[in-house]
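> Fold the following and give me the result.
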Amino acid sequence: HFRATPTQASWVLLSYLLVNTVLILVFGRLADMLGRRRLYIVGLATFTVASLGCGFAPSAWALIGLRALQAVGASAIITNTTAQLTDAFPRRLLGTALGLNITVISAAQIAGPVVGGTLVSQLGWRWVFLFNVPVGVVGLSWAIVTLRRTTPTLAPGRFDTGGAALTVLWLAGLVIGLSEGGSRGWSHPAVVVSFTVAAISLPAFVLWQRRATDPLVALSLFDDRARSVAYAANFGLAVARYALLLLASLF
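Predicted coordinates for the structure are as follows:
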């Protein structure tokens, strides 16, 4: 439609992935400071408005920018969903609630390519984004009415700015390097620089988190062996699931 270059075409996907990835930890901590309900509602509103903008994007670069804005909203939603379920359900029902949540997410990921493909073939690519608008409006209205108001769990002014900056550097470097390496070549200067930034900033991030008064990530979580194994298993599951979804969509 836009006669986009290969780089522009890849960044339509990469802009969303990159922004979403680097903001997950940041928004998780901000939710503790500002309140989970508030950040969730702002995120849902941002995602809905950005989806409307994507549906009317006038150029490839405008679509890329609006995709990045979509990712900002999506990050605020993702980081707050599980936390709000934890706040809302008693411990004896929490496992059921989280299980239903991941079931809905998995079902939506399977249905997404089918629904998206149907929309593109019948109505055109813009409706992949415009479809989100009425769904987002309903979800936003529902959230405003039903979500509990929660008290922030972190005092204002104690946000780990240094940790957030290092998170952006190492995650952005890793994602850009992995995403661009296949098309540009693993020895391309941009790819080498991206991996170098990630290799330097990741250990710096770990050291910073060990010394920070209110770290972005409490590394003590990994002292529990069972929890660490669960994290590793979840990571492996995500790699397998997303690889399959991506290849199936391309196929």
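
> where in the stretch 51-200 of the chain is pLDDT low?
Applying pLDDT under 70 to the stretch 51-200 of the chain flags the ranges 151-157.

> Excluding chain neighbours, give the residue nearest to Val206 in space.
Spatially, and ignoring its direct neighbours in sequence, Val206 is nearest to Leu219 (7.2 Å; Cβ to Cβ, 6 or more residues apart in numbering). Where you see a C-beta, it was placed from the backbone N, CA and C, and this is true even at glycine.

> Quick check: next helix or strand after the helix or strand containing Phe27?
Under the criterion of DSSP states H and E, Phe27 resides in helix 6-34. Heading C-terminal from helix 6-34, the first helix or strand you meet, by DSSP H and E, is helix 36-55.

> now that next one and helix 6-34, what's the angle there?
160 degrees (axes from the mean of the first three to the mean of the last three Cα atoms, to 10 degrees).

> what's the burial count for Trp170?
Counted with other Cβ atoms under 10 Å, residues neighbouring Trp170 total 20.

> was I right about it contacting Phe195?
No: in this structure, Trp170 is not within contact of Phe195 by Cβ atoms under 8 Å, at 10.4 Å.

> Tell me where the protein has strands.
Under the criterion DSSP state E, the chain carries no strands.

> Just to check, the residue nearest to Val206 is in contact with Trp208?
No: using Cβ under 8 Å, Leu219 makes no contact with Trp208, being 10.4 Å away.

> Which one of the two is surrounded by more residues?
Using other Cβ under 10 Å as the criterion, Leu219 and Trp208 rank with Trp208 on top: 19 against 11.

> which ones are touching the more buried one?
Contacts for Trp208 (Cβ atoms under 8 Å, 6 or more residues apart in numbering) come out as 162-163, 166, 215.

> swap in Ala57?
63, 66 are the contacts of Ala57 under Cβ under 8 Å, 6+ apart.

> Not counting stretch 71-85 itself, show me its contacts.
For stretch 71-85, the external contacting residues (Cβ under 8 Å, 6+ apart) are 15-20, 23-24, 26-28, 31, 36-37, 39-40, 42-50, 94, 97-98, 101, 147-148, 150.

> List only those of those flagged as buried.
By neighbour count, with 16 or more other Cβ atoms under 10 Å, these hold 15-20, 23-24, 26-28, 31, 36-37, 39-40, 42-50, 147, 150 as buried.

> can you map out the helices along the stretch 51-200 of the chain?
Ranges of helices within the stretch 51-200 of the chain are 60-88, 91-123, 126-130, 132-146, 161-184, 189-211, based on DSSP state H, counting those that start in this stretch.

> tell me the angle of the second one relative to helix 60-88?
Yep, that's helix 91-123 we're talking about. For helix 91-123 against helix 60-88, the angle by the same axes, to 10 degrees is 160 degrees.

> from memory Asp87 sits against Leu147, does it?
No: with contact defined as Cβ under 8 Å, Asp87 and Leu147 do not form a contacting pair (9.5 Å).

> Torsion angles phi and psi at Ser187?
phi -100, psi 0 (degrees, to the nearest 10).
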